[in-house]
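Engineer: Provide a 3D model corresponding to the input given below.
(4 chains, ligands or ions: 4)
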Amino acid sequence: GGDDDDTAGEGEATETTEGGGGGEDCWGEPECVPPNQPDVNQDGTVKIGILSPGDTNDNGYYESFVVTAREFAEANDWELIIVDKINPADAQEQARNICRQSVDMVAIAAGELADAVPVAEEDVCAGTVWYVSGGAGIEQTPYFFQTNDDVFESQYTAGVATGLVMKAQGVTKAGFVTGPELDFAVNAFNAWTAGIKSVLPDAETIATYTGDFDDSAVGQEGAQAQLDQGVGIMYPYLGGATDAVAQLAFENGVLSITPGTDRCGEEQFAISSIFSPGDFFAAALEDFEAGKVTLGVTRTFEIGVDPVPTVKICDTVEGAADLQAQVDDVMAQIAAGEIDPAAEAGAGG
Amino acid sequence: MSAADRVGSERLGTASAAAAVGDRARRIAVNVALYTLAFATALALSALLVVVATDASPGTVFSAMYEGSLKTGAARGLTLDEATPVLIVGLGAVIASRAGIINIGPEGQLLIGATTATAVALHAEGPAWLVIGLTLVAGAAGGALWAGIAALLRFTRGVDVVISTLLLNFIAAEVVSYAVGRPWLLQETTSNLQKLPQSDRIPEELQLPRLGSFPGFNVSSAVFIAAALVVVVAFMMARSRWGFRLKMLGYNPTAARKAGVSVALMGGGALLLSGAFAGLSGGVMLTGTVFRLQPGFSQGIGFNGLLAALIARRNPIAVVPVAFFFGALRAGGGFLASTGVPRFLVDIVQALLVLAALFPPLFLDLARRRRELRNARAAARRTAPVPETVGAAA
Amino acid sequence: MTTPIVDGASDRPGTGEARPASPVPAVELRGITKRFGSVVACDRVDLTVERGEIHGLLGQNGAGKSTLMKILLGLITPDAGQIVINGHPVVVKDPLAAAAIGVAMVHQHFSVIPALTVWENVTLGETGRLDPRRAAREVEEIGARYGLDVDPQARVADLTTGQRQRVEIVKCLRRNPDILILDEPTSVLTLAESQDLFRVLRRVVQDEGRAVVLISHKLDEILHATDRVTIMRNGAVVSRVTTGETDARSLAREMVGREVSLRTQAAALGLISEAESAARVGAAGDPGERADVVLRVVDAHVRGPDGRRLLDGLSLDVRRGEILGLAGVEGNGQATLGQLLSSLVELEAGHVEVAGRRVACGRPGAMARAGVAVIPEDRHDSGCVLDMSVAENLVLDHLDAVSSRVLVNPRRMREHAAALIERFEIKTPSPDVPMRSLSGGNQQRVLLARELSRSPRVLVALQPTHGLDVGAIEYMTNQIRAAAERGVGVLLVSTELEEVLALSHRVAVIHGGRIMGVLPRAEADLERIGMMMGGRPL
Amino acid sequence: MNDLTTILSSAVRLTAPLAFAGSGEYVAERSGTLNISIEAMLLAGAFFGILGTSVFGNVALGLAVGTLAGLVVAVIHANFSHRLAANTFVVGLTLNVLLLGLTSFLLETIDMTPKQAGEIEIPVLKEIPVLGEALFVNRWPIYLLLVVVPVAWYVVARTRWGLEVRACGEDPQAADVTGIDVNARRRQSLYFCGLCAGLGGAYLSVAQVGLFNQNMTAGRGFIVNAAVIFGGWRLGGTIAGCFLFGAADAMRLALPALGYDINPQLLIAGPYVLALVAMMFFAKRNRAPAALAVPFERGLK
Ligand SMILES: Nc1ncnc2c1ncn2[C@@H]1O[C@H](COP(=O)(O)OP(=O)(O)OP(=O)(O)O)[C@@H](O)[C@H]1O
Ligand SMILES: Nc1ncnc2c1ncn2[C@@H]1O[C@H](COP(=O)(O)OP(=O)(O)OP(=O)(O)O)[C@@H](O)[C@H]1O
Ligand SMILES: [Mg+2]
Ligand SMILES: [Mg+2]
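Structural biologist: Ligands and ions are numbered 1, 2, ... in the order given. Below is the predicted model of the structure:
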C-alpha cells in the first residue's frame, strides 16, 4: 500500500524545481507551511469545516471521525462545522459553500469526496488549509495534506486476532457482514480472511453484502443465515446496522468484532479493530495547532508503528493477554515489512 | 366545479373569466397574504427545529436559504445550475402526463442516461463539440431505453406504468453501482490502490463551458439547453398536431383511438420521450456540473423534476418557475447545510417549503367551494315570493 | 313523510300505505336560479309537484331540466331560490340530505357502478349495517311488486342497459321516497320496457301516493304518462298545463317556441302511419337495388374479454344513398357493431369493406380514414373529449382540415368551429368553452356537426336521437335524410322501432349478434319485425 | 437447522412488516388512492414505536405509539390530497422526504433505551417439519397479522363502509350522486392505511430489529405499493405479493451463507426484477379500481 503513496509524494517532489516554500502565502508551492496556523484567516476564531460523505452519527467510521475531533476542538475552544451525508456528486458545491463560512481548515472525511479537492485552488477557498483523511490515499497535490492508513494492514491484523480467538475457542467458521460491495469492503474481507487463515489454514469465512450499511433488518437476516450455518464469530463491518447485528450475535452466544473504534468493555465484544479516522484527524489537528501542518505531504499511519491503527483483544476473551501479545508480534512484523498483508490478501482472497 | 379545477392551466382561464375585474386586486392581495403565511409557518417550524437541534440561531435558516440561493451572483448562478436538470426532467414528465401517463421513474431514467452518457464521453473519439453532442444524445437514448422497458411492459403486457417505472428506479441504481464497480466497465482507472465505485472524471474539454466566474454571477451553459427545450415543448404542445393528439389521448383514449391516435405509439412515444428528457438531464449534469458517474449521481433530481411537473399540472410553461423554486431550495439547502445545520434538518426545511408552496391555491379552492355552499344556504333562507301555480289540478 | 328505511323489518320498502293527499304540495321550488358562467341554466324557476301525480318536465336540450332536478337533489347549489318540501323550507346540501327528506332520482347518466353487484348498488348510499341477504331479498320483492325483476347477485357490468335502468329504479324505490325523479328514463328503453316503466310509475303514485317528476322529450310519453306538465325553455318556465287539456302540437310549440312540422312531430311522437311514411320514403327516392354498396360487413365475429359472443357472424350491406335501419333490442350487438365501425375492436373472423376496399379493423382511425362517420351511442365514451374545447372537438378526427403537415392553425380552427356552430345551431357560450359544459343535446349536435362536416361515404348513427328534444330530433332526422340524399350510405341503429320505420329504406333486425333478416320498408311491419327482434328468423 | 428453514423463517420475518402495511395499502387503493407516502408511514411507525418502548418501557405501548404515528402521517396526506385536492404523488413524495428528515433529527436529539419484543414458541405446532420453525417461533407482535389481515379483508368485503370505499375506487362520480362523501371515504381509508403501516413500521423496529436507525425502512414502502398491484388489488394476492418480496430478500441474504457466490447487485435487484416479471404475467388478468389515482372533483362528467 505504502508504495503508491510514496510514488505520489515523489511525483510532487520532482515536479518542483525551485526550492520548497514556507513563510508568507506559499499556497500552491510544494511543502508549503501556511502562516499563522491555526487561525490562518486571522479572524480571531479557529473554524474547522468537516465534509463527510457518510452519516456522522453512524456510531461507526464517520462518527469516530468527528468524535475525536470534537473533543480536541472543545479542548481548544475551536468551532466545528460538520456537513455530512454529502453526495460525492455534490462535493464541489459543498466545498465552496463551506469555504464561504470563513473556515481556517477544511477537513474531508474520506476519499469519496476527492472531487472536492480541486476547489482548494479556487479563490473562494483562498487561504484555507485542506486536510484529507484519505483511507488508502488520493493523488497528492500541493493544496492539501492527507493522512492514510492501509486497510490491508489493519484488517489482516484483525484477521490474525480473529484467528487466534477462534483457535482458543475452537471455532472454525467466521462471518463477515457488510453493506454494498465496495472495493474497500472487499479488500477488508480478503485481508481479514488472509489473517485468519494465517492462524487457522482451514478456517472458513463467509461474506454477506446486504447492500446497505445502515439497514439493520437485512443486516440481521444476513447474519442470522450465517449463524444458522454455524458461524462462531461475527464481524459486522457496517455503519448504522453494526449494533443490531452485534446484538444478534450476542443473543446467539457468538463473539463479535467491532469495526473502527475501541469498544472493548461494551457488551461482550471480543475484538476491537481500531482504524478510527478520528485518531488520524486528531493527530492532524495537533500539528495544526502547533503550526506544523505542511501542505502537499502525505502521512501514512503504519500499524505497529503509530498508536492507530491497531487491534485489541478484549478481556471478555479468556487469555486475552497472551493472545494480544501474539497480535502485537504480528503487527511488529508488518511494520518491519516481514509480512505484506496486501499480497497475503491477494492470495487469501 | 368544472374540469378547470383538475387542469391547472384551464383553472386560471375560468378563474379569471369568472372574476369581475374589480376583485382582481383583492384576489391578488389574498394570494400574497396566504403565500406569506404559508412560507412563514414553514420557516418558523424549521427555525424551531434548528434551535432545538443546534446552537445556531433561528435566523440562520432564513438568511442561509436566501444567501445560498438568491443573494449573491454566485448563488443565483448556482440556483440556475440546480434548476436546469430539474427543469429538463420536468418538461419530460409534463409530456407524459399530457398523455395521461404518470412516469415516476425519471430518477432511474436519469441514472441510466448518465451511465450511457458517461460511456460515450469516456470512450468516443473526435472533436470536443461532437463528443459533447454525442454524449447528450447518448444520455437521452439511455433514458428513453429505460423508459422503453416500462412502455414495452405497458403496451404488450398491460403492466401499470406507475409501478414499473417505480421499480425500475431501484434496478437502475443497482445497474449503476454494478457498472462503476467493475474495472472492465466504468470503474475509475486511478493509480490508487483502492478504487472508488465511480467512473473516471470526464476530460476538461468535454465539460460544458461556464459563463461568468466566481464570485460574480456564473452559470453552466446547460441552462440554455433547458431554455430552448422549454420553448420547443411549449410550442409543440400548443400548436402542433402532435400536441393536439397527445392532449386527446390524455383526456379520452377511446375517442383518440377512434380518431386515429394509436394509444401504444402515441402513449409509448410520450413515455419514451419523458424518459429521454430525464436521460438528457443526466447527460447535462454529467457534462455540466458533476463530471463523473457515481452511485447517487441523480441526487433526487429525477423526483424533483417529477414533482415540478405534477405541481405545474399539464402546463410546460408553469414548470419553469416551479423548477426554479426547486433549484433555489437545493442551492439554499446546500448552503444551509454548510453552516453546520444537520443535513436532515435541511431536508425537513425543503419538504416543509414544498408543502407551503402547495397550500395557498388549494386552500383558496376549498374556500371557494365552501363559500358557494354558504351562499346557497343563505339564498334558501331568503324566502322568495310564492308563485301562483298555473293550471293546477283543482 | 317517511325517511329512508334503516332496517326493513319495521318499514318495508314501498309498502303501500297510501299517504294522505294533503293540501300542501310535495315539492315547491321557488325562484330557483343557477348560472354556469354566462349560461343561465335556471332562471327564477317555480315548480310545484303535488302528491299522487306524475308531473312532466318538458324542455329542449339545455333547457335546464337536469340542472333544476340536480338542485332539488342537492348535487348543484343554486345561486338563488328556495326549496319547500311538504310546506317546510329546506336546504338540501347533498343527496344524502335529499334522501332524508324523501327525494330520490334516476339520473340521465347512470349512477350505478358496473364493478359492483346489483344488491351492492342498490344498498349504496344508505346507512346502517350491511345485510347482503336482506338487501337481495328486498331487491327481489320490489322486483316482484313492480315487475322489475333483476338478479340481485349479478354484476351490473354484465347487465344490458335496460336492466341497469331497472336497477336504478329499484334503488330509488327501495329508499321509499316521497318524491321520485326520473331524468329521461326511457331514452335507453325499448318500447315494451317503457310501457312497463309507466305502469310502475302509475302504481307508485296511485296506490302509494308518492309524487313523480318525469323528464322527457317524447311528447307521447308526456301525454300518456303524466297528469300535469311544466314546460321549460332556455332555463325559464314558459307554461304549466294539465295534460288532459293539451295535445302534442301545442306542447311541441311551447317547448320549441315555434311551429314544428308534422313529420318531425310524428317522429317525435313515435306515431308513424305506415302508409304515410311508406309514401314519404318513396318520395325521398329509394336508391333501390342498383345502387352500389358503400359499406359491407361480412360474417363478422367478435368475442368479448369474458369470452361472450358479441358479434356472431353478422353480415350486412349498406348502399350508397340509402338509409338502412337496424332495429333490435338493446344489447344484441349494436354497441359492438358501433365499436367495430369506430375501429375500436378487432375482428375475430370476417371482414369489413368500405366502397369495395377492405379496412383493417381495429387499427386506430382506419374506419374514419376510409370514410366511415360514426355518431356513437355513448357520446362521452368515444364521441368527444369533455375536457377539450368545443372548437377542438369539432376537428378531433380530421385535423387536416385546419392544419398543415405539422402545425395546427388556430385561426382556421376557430373559423371552422364558428361555421359549424352556426350551421348546426349548437348552443354554446363560445367555441372555446370545454365540451363538458354543454348540455347533452348540444354535445350530440357537436358530434353530428363533426361527423357530417367531413363528407363521409358512410354514416353510422347509433341511437342518434337519444335524449333529444323535438326540435333537435327534427333537425337530426332531416340531417340524416339530407346525408342520404347526398349519396351517403346511412346505417341507422336504433331501439326505437318508430324511428327506424320513419327513416329507413330497408330495415334489418339484429339479435344475438347476427342479422335475423332484412326487409324493404314496404314489407316491414311491426309484428314481423317484432318477431325477428324476439329472435325468430324470417 | 436446515437451509430451507433458514430461508423460510427469514422470509417470514422480512414479510411481516410488508404484510401489515400491505393490508392498509390494499384498502387505500380500493378507495382510489395510490398511496406512496406509505414509506413515510412505515418510518414514522418504526421510530415512534421504539420511542414508545423507551418512554413507557413497554413493548405493547410502543407498538401503539408507532401505530398512531402512522395515522398522523396519513392525516396529513389525506387532508392535503382529499380535502385540499393536492396531487397525491406530490404529497406522498414530499412526506417521504419530510419523515426521513424528521425521524433522523429526533433520533439525534432524543436518546432512548429501546426494548425489543420477546420471542414466543407455539408448542406442538413448532415441531412441524420445515414450516414449524418458520411460522411458530417468532417475536409475538408478528401474530397481530392474524388480526390485521382478516380485519382488512372484512371491512372491505363485508361492511357498508367497505362497500362505499370500493364504490369510490370504482366510480367516484356515481358514488357521489348516490350520496357518498367520496373524499371522506378516501381520507378514512388512508387513515386505516396509516394505522396498518404505522404498526408495520413499529413491528420492524420494536419486534424485528430491537432498535431504530436512520432510514431503517429503506424503501420497503415502495415494495408494498408493488405488492398490492402484484396482488391484483385483492387482499390475498397482496399478502402473497408481500411474501414473494420477503422470500426474495431472504434468499439473497441467505445464499452467501449457504455457500453460493452470486453477484450482490444482481441479488439486490432480484426482488424488483422478479416483481416486474411477475406483473408481466398477472397484469392482464387483474383489473385495477377504475378510478385508482383519479382525483375526485364534483361536477366532472
Ligand atoms: N356543470 C356545468 N357547467 C357549465 N354549464 C353547465 C353545466 N351543467 C349544465 N350546464 C349548462 O346549463 C344548461 C342546462 O343544462 P341541463 O343539463 O340542465 O339541460 P337539460 O335540460 O338537462 O338538457 P338535456 O335535455 O340535453 O339533458 C345547458 O345550457 C348547459 O350548457
Ligand atoms: N379472513 C381472511 N384473512 C386473510 N385473507 C383472506 C381472508 N378471507 C379472504 N382472504 C383473501 O382475500 C381475498 C378476498 O378479499 P378481496 O376483497 O380482495 O377479494 P374479493 O372480495 O373477491 O375482491 P373483489 O371484491 O374485487 O372480487 C380472498 O381471495 C382471499 O385470498
Ligand atoms: Mg479563523
Ligand atoms: Mg338533462
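Engineer: per-residue confidence for the closest residue to D:Ala293 other than its chain neighbours?
Structural biologist: In space, D:Ala293 comes closest to D:Leu34 once its chain neighbours are excluded; the distance is 4.3 Å by C-beta to C-beta, 6 or more residues apart in numbering or on different chains. Quick note: C-beta positions are derived from backbone N, CA and C, even for glycine. At D:Leu34, the model reports a pLDDT of 91.
Engineer: was I right about D:Leu34 contacting D:Thr88?
Structural biologist: Yes: between D:Leu34 and D:Thr88 there is a contact under C-beta atoms under 8 Å: 6.7 Å.
Engineer: Any chance you could list residues touching both of those two?
Structural biologist: D:Ala293 (C-beta atoms under 8 Å, 6 or more residues apart in numbering or on different chains).
Engineer: Quick check, pLDDT for residue 34.
Structural biologist: If you meant another chain, say so; for now it's chain A. So, for A:Pro34, pLDDT stands at 87.
Engineer: wait, chain C
Structural biologist: We note a pLDDT of 90 for C:Lys34 in this prediction.
Engineer: Kindly report the same for D:Ala174.
Structural biologist: For D:Ala174, the pLDDT comes out at 88.
Engineer: roughly how far apart are the closest residue to it other than its chain neighbours and D:Ala175?
Structural biologist: Nearest residue to D:Ala174, sequence neighbours excluded (C-beta to C-beta, 6+ apart): C:Ser111, at 4.4 Å. From C:Ser111 over to D:Ala175 the distance is 8 Å, taken as C-beta to C-beta, to the nearest Å.
Engineer: ok, now D:Ala85?
Structural biologist: Remark: distance between D:Ala85 and D:Ala175 (C-beta to C-beta) = 17 Å.
Engineer: Looking at the two, which one has more neighbours?
Structural biologist: The neighbour comparison of D:Ala85 against D:Ala175 (other C-beta atoms under 10 Å in any protein chain shown) goes to D:Ala175, with 28 against 19.
Engineer: ok, now which ones touch the residue lying closest to B:Ala119 once chain neighbours are set aside?
Structural biologist: Spatial nearest neighbour of B:Ala119, excluding adjacent residues (C-beta to C-beta, 6+ apart): B:Leu186 at 6.6 Å. Neighbouring residues of B:Leu186 by C-beta under 8 Å, 6+ apart: B:115, B:118-119, B:122, B:179-180, B:199, B:293.
Engineer: Show me what from the stretch 151-300 of chain D comes close to chain A.
Structural biologist: Applying C-beta under 8 Å from any C-beta of the partner chain, we find that the stretch 151-300 of chain D lies next to chain A at D:204, D:208-211, D:213-216, D:218, D:249-250, D:253-254, D:256-259, D:264-265, D:267-268.
Engineer: Just the buried residues of these.
Structural biologist: Among those, those scoring as buried are D:204, D:208-211, D:213-216, D:218, D:249-250, D:253-254, D:256-257, D:264-265, D:267-268 (criterion: 16 or more other C-beta atoms under 10 Å in any protein chain shown).
Engineer: Could you list which of those residues belong to helices?
Structural biologist: D:249-250, D:253-254, D:264-265, D:267-268 (DSSP state H).
Engineer: Could you confirm B:Leu271 falls within a strand?
Structural biologist: No: assessed with DSSP: H, G, I helix; E, B strand; the rest coil, B:Leu271 is helix; it does not lie in a strand.
Engineer: hang on, D:Arg220 packs against D:Met41?
Structural biologist: No: D:Arg220 is beyond contact range of D:Met41, at 10.6 Å (criterion: C-beta under 8 Å).
Engineer: out of these two, which sits in the more crowded spot?
Structural biologist: For D:Arg220 versus D:Met41, the count of surrounding residues by other C-beta under 10 Å is larger for D:Met41: 38 against 27.
Engineer: Show me what the helix or strand harbouring A:Gln94 is in contact with.
Structural biologist: Here A:Gln94, judged by DSSP states H and E, is contained in helix A:91-99. Helix A:91-99 is touched from outside by A:49, A:51, A:53, A:81, A:83, A:86, A:106, A:112-116, A:118-120, A:122, A:124-125, A:128, B:68, B:78, B:214, B:289, B:334-335, B:337-338, with contacts defined as C-beta under 8 Å, 6+ apart.
Engineer: what do you get if the cut-off is 7 Å, keeping everything else the same?
Structural biologist: Helix A:91-99 is contacted from outside by A:49, A:51, A:81, A:83, A:86, A:106, A:113, A:115-116, A:119, A:124-125, A:128, B:68, B:78, B:334-335, B:338, using C-beta atoms under 7 Å, 6 or more residues apart in numbering or on different chains.
Engineer: Which members of these additionally contact ligand 4?
Structural biologist: Among the contacts of helix A:91-99, none lies close to ligand 4 by the criterion of C-beta under 5 Å from the ion.
Engineer: Just the ones of those residues in helices?
Structural biologist: Using DSSP H, the contacts of helix A:91-99 in helices are B:78, B:334-335, B:338.
Engineer: which of the residues you listed tops the neighbour count?
Structural biologist: Neighbour counts for the ones in helices among the contacts of helix A:91-99, by other C-beta under 10 Å, peak at B:Leu78, which reaches 30 neighbours.
Engineer: wait, isn't that residue in contact with B:Gly332?
Structural biologist: No: counting by C-beta atoms under 7 Å, B:Leu78 does not reach B:Gly332; the two are 9.2 Å apart.
Engineer: for C:Arg35, phi and psi?
Structural biologist: phi -110, psi 140 (degrees, to the nearest 10).
Engineer: thought it was touching C:Ala80?
Structural biologist: No: between C:Arg35 and C:Ala80 there is no contact under C-beta under 7 Å: 9.6 Å.
Engineer: Which of those two has more residues huddled nearby?
Structural biologist: Between C:Arg35 and C:Ala80, counting by other C-beta under 10 Å, C:Ala80 is the more crowded of the two (19 against 14).
Engineer: And that one, how far from ligand 4?
Structural biologist: 21 Å (C-beta to the ion, to the nearest Å).
Engineer: partners of that residue in the sheet?
Structural biologist: Legend: beta-bridge partners of C:Ala80 under DSSP bridges are C:Thr33.
Engineer: and the gap between it and B:Asn252?
Structural biologist: 35 Å.
Engineer: And the helices in the stretch 251-394 of chain B?
Structural biologist: With DSSP state H, counting those that start in this stretch, the ranges of helices along the stretch 251-394 of chain B come out as B:253-258, B:268-285, B:301-311, B:316-338, B:343-381.
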